[in-house]
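Trainee: Turn this into a model:
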Amino acid sequence: MKKHSARHHRIGDQIQRELAELLREQIKDPRIGLVTITAVDVSADLSHAKVYFTNMSNAADAAAAEQALVRTAGFLRSEIAHRLSSFTVPQLHFIYDRSTERGMQMSRLIDEAVSRDQGVRDQESDS
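Mentor: As a prediction, this is how the structure comes out:
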């Protein structure tokens, strides 16, 4: 099994930049909305790329955005082929990245715990 080299990371980063630009400038599908490409993981043989994305809408909109991205994957791949100086362009597989949602949920839970803790301290100081 091949390890990922610096070249794989450079190609993934380049694909991420190109996809972000293409989505912003050329894709007009309203289902995609405010999509952000968070990471691109290229396979060792450069034949596949997992494209992680997030959006600022709810989970139902994320599913619709994923379907729209899957439908435009062929166009996006052909446009990336024109922009990259590589012999092969990986097939794009879009995956919804839930890390932003989880991060916001954890932050909210921490804020709630801190406010409860502060409430307990205030009650103890009043006694």
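Trainee: From now on I want contacts and neighbour counts done on CA atoms only, so please keep to that.
Mentor: Will do.
Trainee: Now the residue nearest to the spatial centre of the chain. Nearest residue, chain neighbours left out?
Mentor: Against the mean C-alpha coordinate of the chain, by CA atoms, centre = their mean, the closest residue is residue 53 at 2.2 Å. Spatial nearest neighbour of residue 53, excluding adjacent residues (CA to CA, 6 or more residues apart in numbering): residue 37 at 4.3 Å.
Trainee: The helix ranked longest in the chain - what's its average pLDDT?
Mentor: If you go by DSSP state H, the chain has its longest helix at helix 99-126. Helix 99-126 carries an average pLDDT of 80.
Trainee: same deal with stretch 81-92?
Mentor: Confidence for stretch 81-92, expressed as mean pLDDT, is 87.
Trainee: List the contacts of that stretch.
Mentor: For stretch 81-92, contacts defined as CA atoms under 8 Å, 6 or more residues apart in numbering pick out 14, 18, 42, 46, 47, 48, 49, 50, 51, 73, 77, 80.
Trainee: I'd like the residues you listed laid out as JSON lines, including secondary structure and distance to residue 29.
Mentor: Compiled in JSON lines, the contacts of stretch 81-92 are given as follows (DSSP: H, G, I helix; E, B strand; the rest coil; distance: CA to CA, whole Å):
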{"residue": "14", "secondary structure": "helix", "distance to residue 29": "23"}
{"residue": "18", "secondary structure": "helix", "distance to residue 29": "17"}
{"residue": "42", "secondary structure": "strand", "distance to residue 29": "25"}
{"residue": "46", "secondary structure": "coil", "distance to residue 29": "28"}
{"residue": "47", "secondary structure": "coil", "distance to residue 29": "26"}
{"residue": "48", "secondary structure": "strand", "distance to residue 29": "24"}
{"residue": "49", "secondary structure": "strand", "distance to residue 29": "22"}
{"residue": "50", "secondary structure": "strand", "distance to residue 29": "21"}
{"residue": "51", "secondary structure": "strand", "distance to residue 29": "18"}
{"residue": "73", "secondary structure": "helix", "distance to residue 29": "13"}
{"residue": "77", "secondary structure": "helix", "distance to residue 29": "17"}
{"residue": "80", "secondary structure": "helix", "distance to residue 29": "18"}
